[in-house]
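[1] everything below, folded, please.
(2 chains)
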Amino acid sequence: MLRQTAVHMRGLLARRASAAVTSSSVRMASHEVSETVDMSRPMYYDRVDVPLPDKPYKDLLTDADKTLKQKEKGPWSQLSKEEKIALYRLMFHQTYPEMKQKTSEWKTVLGGIFFFLGFTGLVVWWQRIYVYPPLPKTFEGDSQAMQLKRMLDMRVNPVQGFSAKWDYEKGQWK
Amino acid sequence: MSLAKPMMRGLLAKRLRFHLPIAFGLSFVAAIAFKYMVTEPRKQAYADFYKQYDSVKEFNAMREAGIFQSVRPSGE
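    The predicted structure is shown next:
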């Protein structure tokens, strides 16, 4: 049996080696690489608390953009409103109102909180049934009555608290 | 389009000028309210309690109830 398995293994290994050699190039072509960002260079970011990012939004300017940038070097009163907005959009991605747009994220957060609270409730319920040991005898009604009587006998908090509410002459609560 | 230049300085000072008196005022009100709604009645309650307090009588009552270990009830 050992010789048979050895023959099997040799065949398998040969097949795997040939497969690796022939299909490696095909695999590389179909493999998708995600775009990597070089974080060692200045990056653009939209942040409410830091108004001026490290670099402008648009790096690669078309010819129209380049002429606009040249015009920007002159007096700004000669720029039209659309040109000023175009220059802004070259420099920045979002305006402050766009950045501050409220999202519906709070619904997801609240929903997640409630979901996990509910799940925790189920877990605790299961624990109550299958994990907790039985309650001690001192939790029963008679035992509790005895404890209460002893607290009154000891005059626990007689000024404003527990025993202050008990009428010792009549033997009942005030 | 020419907007007015926004406030660049003194923002914290302005906020404090407004909020600090309010904060102090509310804290004083809270303290005074606590004094006259909690501590004064409590002091009065203790004074009234001890005005009519007979410690020997209370001790004997407790002794008869059997809670002490050093003195048992007079019957035993």
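[2] which bits of chain A sit near chain B?
    Residues of chain A lying close to chain B by C-beta under 8 Å from any C-beta of the partner chain are A:81, A:150, A:153-155, A:158-160, A:168. (Glycine included, C-beta is placed from N, CA and C.)
[3] please check those residues and keep the buried ones.
    Neighbour-count burial (16 or more other C-beta atoms under 10 Å in any protein chain shown) applied to the residues of chain A next to chain B gives A:153, A:155, A:158.
[4] any idea of the mean pLDDT for the host helix or strand of A:F119?
    Per DSSP states H and E, A:F119 falls inside helix A:105-130. Averaging pLDDT along helix A:105-130 gives 98.
[5] same check, this time on stretch A:156-166
    Rounded mean pLDDT across stretch A:156-166 is 93.
[6] where do the strands sit along the chain?
    The chain I'm using is chain A. Along chain A, counting by DSSP state E, strands occupy A:166-167, A:172-173.
[7] out of those, which is closest to A:T36?
    Checking the strands of chain A against A:T36 by C-beta to C-beta gives strand A:172-173 as the closest, at 76.0 Å.
[8] quick one, helices of the chain?
    Let's take chain A. With helices called from DSSP state H, chain A shows them at A:2-30, A:63-72, A:81-91, A:96-99, A:105-130, A:141-153.
[9] hmm, I had chain B in mind actually
    Using DSSP H, the helices of chain B run over B:11-34, B:40-51, B:55-65.
[10] and the end-to-end length of stretch A:90-103?
    25 Å (C-alpha to C-alpha, to the nearest Å).
[11] what lies in contact with stretch A:32-50?
    For stretch A:32-50, the external contacting residues (C-beta atoms under 8 Å, 6 or more residues apart in numbering or on different chains) are A:53-57, A:92-94, A:96, A:99-100.
[12] typo on my end, stretch B:40-51
    A:158-160.
[13] can you tell me the residue of chain B closest to chain A?
    Chain A sits closest to B:A65 of chain B, with a gap of 3.6 Å, by C-beta to the nearest C-beta.
[14] quick one, what contacts the nearest residue to that residue once chain neighbours are set aside?
    Sequence neighbours aside, A:D153 is the residue nearest to B:A65 in space, at 3.6 Å (criterion: C-beta to C-beta, 6 or more residues apart in numbering or on different chains). Residues counted as contacts of A:D153 (C-beta under 8 Å, 6+ apart) are B:62, B:65-67.
[15] what pLDDT does the model give residue 43?
    If you meant another chain, say so; for now it's chain A. pLDDT at A:M43 comes out at 93.
[16] actually, chain B is the one I wanted.
    In this model, B:K43 carries a pLDDT of 97.
[17] could you report the neighbour count for it?
    The local packing of B:K43 (other C-beta atoms under 10 Å in any protein chain shown) involves 10 other residues.
[18] now do the one 5 residues further on
    When counting by other C-beta under 10 Å, one arrives at 11 neighbours for B:D48.
[19] how close does the most centrally placed residue in chain A sit to chain B?
    Computing the C-alpha centroid of chain A and ranking residues by C-alpha atoms, centre = their mean puts A:V109 first, at 8.7 Å. In this view, A:V109 and chain B are 29 Å apart by C-beta to the nearest C-beta, to the nearest Å.
[20] least reliable of the helices of chain A by average pLDDT, please.
    Looking at the helices of chain A, the bottom one is helix A:2-30 with a mean of 51.
[21] which one of the helices of chain B lies closest to A:M146?
    Nearest to A:M146 among the helices of chain B is helix B:55-65; the distance by C-beta to C-beta comes to 12.2 Å.
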